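Please work out how this folds:
(one chain, ligands or ions: 2)
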Amino acid sequence: MFYFALPPNVFVSVAKNIKEHCYAETGVNRIIVEKPLGRDLDSARELSNSLKQYWSEEETYRIDHYLGKEMVKNILVLRFANIAMASMWDKSHISNIQITFKEPFGTEGRGGYFDSFGIIRDVLQNHLLQVLSILTMERPVSFSAEDIRDEKEDTLLGQYVGADGKPGYLEDDTVPRGSVCPTFAATCLWIKNERWEGVPFILKAGKALNEAKVEVRIQFKDVTQGIFKDITRNELIIRIQPSEAVYLKMNTKTPGLQTRAMATEMDLTYNQRFADAKIPEAYEALILDALQGDHSNFVRNDELDVAWKIFTPILHWIDGQSGARPKPTSYPYGSRGPAELNTFVEKYGYHRSPSRYEWPVTNLGAQLIIDTKSLGATRGAGSGVRNCFAFVAITVIAERIDMNHPIIALVCAVDIVFQAYAVCNWRMFWNPFVLPADGIGTPTRACQLKH
Ligand SMILES: NC(=O)C1=CN([C@@H]2O[C@H](COP(=O)(O)OP(=O)(O)OC[C@H]3O[C@@H](n4cnc5c(N)ncnc54)[C@H](OP(=O)(O)O)[C@@H]3O)[C@@H](O)[C@H]2O)C=CC1
Ligand SMILES: O=C1O[C@H](COP(=O)(O)O)[C@@H](O)[C@H](O)[C@H]1O
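Ligands and ions are numbered 1, 2, ... in the order given. Predicted structure coming up:
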């Protein structure tokens, strides 16, 4: 097996010479080739035809390491092994989907390679498009360029500039002066078929952003508000990296006497749920597949052709082949990207909950304390005692108000038993009632729980 860790301009001559001088006549021969496999549709076809002269499709493994990532492989299982997921996986339930790639560092010396390719060839045309195809393909696979349309006229391009002591793209010595190469791009794809007609797929990727994150964010449609006001939309997030996770943001009744909805989540964070699991590196998994002759996680030639067909118009526009080269919008190193990003995603239907969603790290006992804290109980070693008294006071008031109602009276009785247990049990007494000094229990948090 020959792995081509080579610049693309020598691919063909190396492929030819290996075939002529190193080919095992009695055995299995394979080559693994990695992007860039062309610059646009025509150059990709030319490269492919040249390689084909020496190596058959069966012997050629086009690697896209995103296809070896655990959570990318998981998408198929989530979709096709869960009837609950399968039934909501369409335009009737889904409002919009974002596939996001964020890196917190710039080109930092790799500007030579990067500048001649740009973020779309580097990340969107291959990695993010592969994720999109797994998210949306039918069973069996059908993936055709005619059915996928890119919103070329409305692509947001950005280039990072220096901020907080970090250098801008143009300050990288390996980047040509005055380059207008985009280091950030957000675009929207539409799939013309019965399942996905009208659902925007927002692909966004950037270098030198505020965090390292690759995720798929599936935002569902609004529910009819009815008696509950300001219900947030459900979101299913597949966190590809770092810290693999699948979580569903949903609404639930706030635990307690009142019927109030609050935003919460069902969380499958891998390092908590599968603490001992060893997740292989993407390349480990893929090279093993290639050794075993398994093509399923490699890119087929026709698939690559389609990927180039989709992105070639936008790449030609960026390269200035259809007019003046577009100038990317500047964004500061370490930001979320160009300032227009929020308007861009909102235009395609993404609604961000107005109150920032914080990941709850508490339990029911602590939530009850937060309510009493918002009533004025204090933090500290003695707060357990004070909170117990606050509970009793609340219960007594609740009973006075609703004593005629048997269910409320019963709930209050259970509440009193709980509090009595809390007072008698030293662990409950000291632990949940004394809140850690990490911001939980602050007025903001209490307000959020009340909503
Ligand atoms: N087990 C655990 O403890 C887990 C905890 N979490 C945490 O839960 C929290 C909430 O999760 P989640 O909803 O996924 O994340 P966020 O609320 O941080 O992000 C949600 C979306 O809002 C966007 N966004 C972020 N900041 C802004 C801003 N200032 N203005 C406009 N849009 C913004 C993000 O865009 P962009 O594309 O720019 O990122 C993203 O699309 C996160 O802090 C996450 O780390 C998540 C998973 C597991
Ligand atoms: O192919 C590429 O991917 C890396 C990101 O890979 P990851 O596994 O760390 O997510 C990116 O930095 C590089 O520019 C690109 O060529």
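
Pro104 reaches Asn210, doesn't it?
Yes: the criterion here is C-beta atoms under 8 Å, and Pro104 meets it with Asn210 at 6.8 Å. Bear in mind the C-beta positions are built from the backbone N, C-alpha and C, glycine included.

is it true that Ser330 touches Gln159?
Yes: counting by C-beta under 8 Å, Ser330 does reach Gln159; the two are 6.1 Å apart.

quick one, which of those two is more surrounded?
Each of Ser330 and Gln159 has its neighbours counted (other C-beta atoms under 10 Å); Gln159 has more, 25 against 17.

Now do the strands in this protein.
Per DSSP state E, the chain carries strands over the ranges 2-4, 31-34, 60-63, 94-102, 148-150, 156-161, 184-191, 201-206, 213-220, 235-241, 245-253, 261-269, 329-332.

how about the fourth one, does it get close to ligand 2?
No: on the criterion C-beta under 6 Å from any ligand atom, strand 94-102 is out of touch with ligand 2, staying 7.1 Å away.

So which elements touch that strand?
helix 129-136, strand 201-206, strand 213-220 (3 or more C-beta pairs under 8 Å, 6 or more residues apart in numbering; DSSP states H and E).

Buried residues, it. List them.
Ile94, Ser95, Asn96, Ile97, Gln98, Ile99, Thr100, Phe101, Lys102 (16 or more other C-beta atoms under 10 Å).

and the residue nearest to Pro104 when sequence neighbours are not counted, what does it touch?
Nearest non-adjacent residue to Pro104, counting by C-beta to C-beta, 6 or more residues apart in numbering: Ala212, 5.1 Å away. Neighbour list for Ala212: Lys102, Glu103, Pro104, Gln241, Pro242 [criterion: C-beta atoms under 8 Å, 6 or more residues apart in numbering].

Could you confirm whether stretch 260-268 reaches ligand 1?
Yes: for stretch 260-268 and ligand 1, the contact criterion (C-beta under 6 Å from any ligand atom) is met by Asp267.

Could you check the pLDDT of the closest residue to Asp222 other than its chain neighbours?
Among residues not flanking Asp222 along the chain, Arg233 sits closest, at 6.0 Å (C-beta to C-beta, 6+ apart). Note for Arg233: predicted pLDDT of 94.

same question, Glu194
pLDDT at Glu194 comes out at 92.

Count the neighbours of it for me.
9.

about what we covered before: winner for burial among the strands of the chain?
With neighbours taken as mean count of other C-beta atoms under 10 Å, the strands of the chain reach their highest mean count in strand 201-206, at a mean of 26.

can you list contacts of that one?
96-103, 119, 122-124, 128-129, 132, 136, 158, 160, 183-191, 331, 337, 341, 344-345, 348, 350.

Sheet-wise, list the partners of that strand with their directions.
Strand pairing for strand 201-206, using DSSP bridges, gives strand 94-102 (parallel), strand 184-191 (antiparallel).

per-residue confidence averaged over it?
Mean predicted confidence for strand 201-206 is 98.

So for the closest residue in space to Arg110 that isn't next to it in sequence, what's the pLDDT?
Excluding the flanking residues, the one nearest Arg110 by C-beta to C-beta, 6+ apart is Thr174, at 6.8 Å. With respect to pLDDT, Thr174 has a value of 95.

ok, Thr174 touching Ser116?
No: look at Thr174 against Ser116 with C-beta under 8 Å: they stay out of range, at 11.0 Å.

Roughly how far does the residue in the chain that ligand 2 sits nearest to sit from ligand 1?
Here the residue of the chain nearest ligand 2 is Asp122; by C-beta to the nearest ligand atom that distance is 4.7 Å. The spacing between Asp122 and ligand 1, counted by C-beta to the nearest ligand atom, to the nearest Å, is 18 Å.

How many neighbouring residues does that residue have?
Number of residues near Asp122 (other C-beta under 10 Å) recorded here: 21.

so what's it up against?
Applying C-beta under 8 Å, 6+ apart to Asp122 gives the contacts Phe114, Ala205.

Then the one 10 residues further on?
If a contact means C-beta under 8 Å, 6+ apart, then Leu132 has Ile99, Leu189, Phe201, Leu203 as its contacts.
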